[in-house]
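Student: show me how the following folds:
(one chain, ligands or ions: 2)
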Amino acid sequence: MICPVCQKEMVEEDFGGVVVDTCKNGCKGIWFDWIELSKLDESNEGIGRALQDALKNSKVNDETRESINCPKCKIKMQIHKYKAAKEINVDECYVCAGFFLDSGELKEIRDNFMSEEEQSEYLNKLLEGNLLWQKSQKDIEKQELRAEALRKYTRFLRLSYYFTGK
Ligand SMILES: [Zn+2]
Ligand SMILES: [Zn+2]
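Tutor: Ligands and ions are numbered 1, 2, ... in the order given. So this is what the prediction gives:
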């Protein structure tokens, strides 16, 4: 897969049973496929190690970077903020429900730990933010798939804290 930010070939990495695409030879961005994320559970061995490596990458994204196209669907990805008032922009594809994190964003997410309440608040915000999209989607299955993907995604962000130790 080609990196949507720097156009380099991405590398598939095993995050302890969950395969993610990382831009190892370029911008160090990480692509999360929601089907992969759905395999994630607390017992995934090795994810901590892979995340530790990813956490070493410094932040490169600035506010001025233009939106990117989904590396899978090639359509424009949507940007939303992580939690309220935090300067982390997560790129999300409304079609395949994949997520792209720029280098360093995983670290900031980890450093801004979400409590369980904050996680559900964040999830609700994301779900509400997609109302417009949902209205345009007659396909109920697709809507449910997306809601499920968002659940996995917010849970992953919260769990990344535990996976990498305190
Ligand atoms: Zn890249
Ligand atoms: Zn997509």
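Student: spatially central residue in this protein, please.
Tutor: Central residue of the chain (Cα atoms, centre = their mean): residue 99, 3.8 Å from the mean position.
Student: hmm, residue 90 and that one touching each other?
Tutor: Yes: the pair residue 99 / residue 90 is scored as a contact, 6.0 Å apart, by Cβ atoms under 8 Å. Quick note: C-beta positions are derived from backbone N, CA and C, even for glycine.
Student: lowest average confidence, helix or strand, in the chain?
Tutor: Least confident helix or strand, the chain: helix 131-136 with a mean of 64, by mean pLDDT, DSSP states H and E.
Student: after that helix, next one along is what?
Tutor: As assigned by DSSP states H and E, the chain's next helix or strand after helix 131-136 is helix 140-163.
Student: tell me the contacts of residue 97?
Tutor: 34, 145-146, 149-150, 153 (Cβ atoms under 8 Å, 6 or more residues apart in numbering).
Student: just flag the most distant two among those residues.
Tutor: Spatially, the most separated pair among these is 145 and 153, at 12.4 Å (Cβ to Cβ).
Student: shared neighbours of the two, which are they?
Tutor: Counting by Cβ under 8 Å, 6+ apart, the residues touching both residue 145 and residue 153 are 34, 97.
Student: neighbour count: those two, which is higher?
Tutor: Each of residue 145 and residue 153 has its neighbours counted (other Cβ atoms under 10 Å); residue 153 has more, 23 against 16.
Student: hmm, the more buried one is touching residue 32, no?
Tutor: Yes: using Cβ under 8 Å, residue 153 is in contact with residue 32, at 7.1 Å.
Student: between those two, which contacts overlap?
Tutor: With Cβ under 8 Å, 6+ apart as the test, residue 153 and residue 32 both reach residue 99.
Student: which parts of this protein sit against ligand 2?
Tutor: Contact residues (Cβ under 5 Å from the ion) of the chain with ligand 2: 70, 72-73, 93, 95-96.
Student: most neighbours of all those, which one?
Tutor: Going by other Cβ under 10 Å, residue 93 tops the residues of the chain next to ligand 2 with 26 neighbours.
Student: check the gap between that one and residue 55 for me.
Tutor: Distance, residue 93 to residue 55, using Cβ to Cβ, to the nearest Å: 24 Å.
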